[in-house]
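Engineer: sequence first, predicted coordinates after that:
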Amino acid sequence: IMEHDTMSNATEAYRMMEEWLSWMEHRGRRPKTLKTYRSSLRNVIYFLDGNGMECRPDRMEEEDVYYLVNHYIATENTVRYYVTVLGEWTKYYNNRVLKSMGLLWNNNGTPNAKWIYRYEFNKMLSHCCDPTERLILLLGGFCGLRRAEISGLRMCDYDGKKLIVTGKGHRNGKTREVPL
């Protein structure tokens, strides 16, 4: 019975993958990109299902993603790419597991986004003696601010609950609020 449940779980995951890829195609993703996403997710589903982990995007939990990250044998860049695609796939099904995990993502959400694990970030913080450098790391890591946005901050941009950040754009750039 357990094996049958696993088989149907993987079958459902593949169906959900195709549904998501169809949606991505309608949003204008290139065929080559979709082919890469499909290949990546097939590898992830096969690996997770074969190791008794959850492979459906709507049911995936932290332990499933950590298992992938820590046990999948591939280059670090490949695993990070897989997790990035997995994050987009799970987000489509309203599962925000990757956001809650402590993986620090670049705000642009592109598949080539640079990110680090929480333990790597904490190690950087622990080696940081200068309070200004520590603040820069915290603003970048937890608020997703870019270097230019951090350097452009003034005391009047802070109101105790949020930051008013001026970013990229013509002249003064676009303004956004960042909750603290």
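Structural biologist: Received the coordinates, thanks. Numbers count the residues shown, from 1 in each chain.
Engineer: please make it C-alpha for all contacts and neighbour counts, starting now.
Structural biologist: Noted.
Engineer: those strands in this structure, which residues are they?
Structural biologist: Secondary structure of the chain (DSSP state E): strands located at 162-166, 175-179.
Engineer: with respect to burial, which of these scores highest?
Structural biologist: Neighbour counts (mean count of other C-alpha atoms under 10 Å) averaged over each of the strands of the chain peak at strand 162-166, with a mean of 18.
Engineer: any chance you could list what contacts the helix ranked longest in the chain?
Structural biologist: Assignment by DSSP state H gives helix 2-26 as the longest helix of the chain. Outside helix 2-26, the residues that touch it by C-alpha atoms under 8 Å, 6 or more residues apart in numbering are 31, 34, 37-38, 41-42, 45-46, 49, 52, 54-57, 89, 92.
Engineer: drop anything exposed from those residues.
Structural biologist: Buried members of the contacts of helix 2-26, scored by 16 or more other C-alpha atoms under 10 Å, are 34, 37, 38, 41, 42, 45, 49, 54, 55, 56, 57, 89.
Engineer: mind putting these into TSV with pLDDT and distance to residue 74?
Structural biologist: Below are the buried ones among the contacts of helix 2-26 laid out as TSV (pLDDT from 0 to 100; distance: C-alpha to C-alpha, whole Å):
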residue	pLDDT	distance to residue 74
34	96	21
37	97	16
38	97	17
41	97	14
42	97	15
45	97	15
49	95	17
54	95	20
55	95	19
56	96	22
57	96	22
89	96	20
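Engineer: and the contacts of helix 2-26, which two are furthest apart?
Structural biologist: Maximum pairwise distance among those (C-alpha to C-alpha): 31.3 Å, between 31 and 52.
Engineer: state the mean pLDDT of the longest helix of the chain.
Structural biologist: Here helix 2-26 scores 83 as its mean pLDDT.
Engineer: what's the spacing between it and its chain's center?
Structural biologist: Here the centre of helix 2-26 is set off from its chain's centre by 20 Å, with C-alpha atoms, centre = their mean, to the nearest Å.
Engineer: and stretch 116-135, end to end?
Structural biologist: End-to-end distance for stretch 116-135: 18 Å, by C-alpha to C-alpha, to the nearest Å.
Engineer: can you give me the helices in the protein?
Structural biologist: Using DSSP H, the helices of the chain run over 2-26, 31-50, 62-71, 76-92, 97-100, 118-126, 131-143, 147-151.
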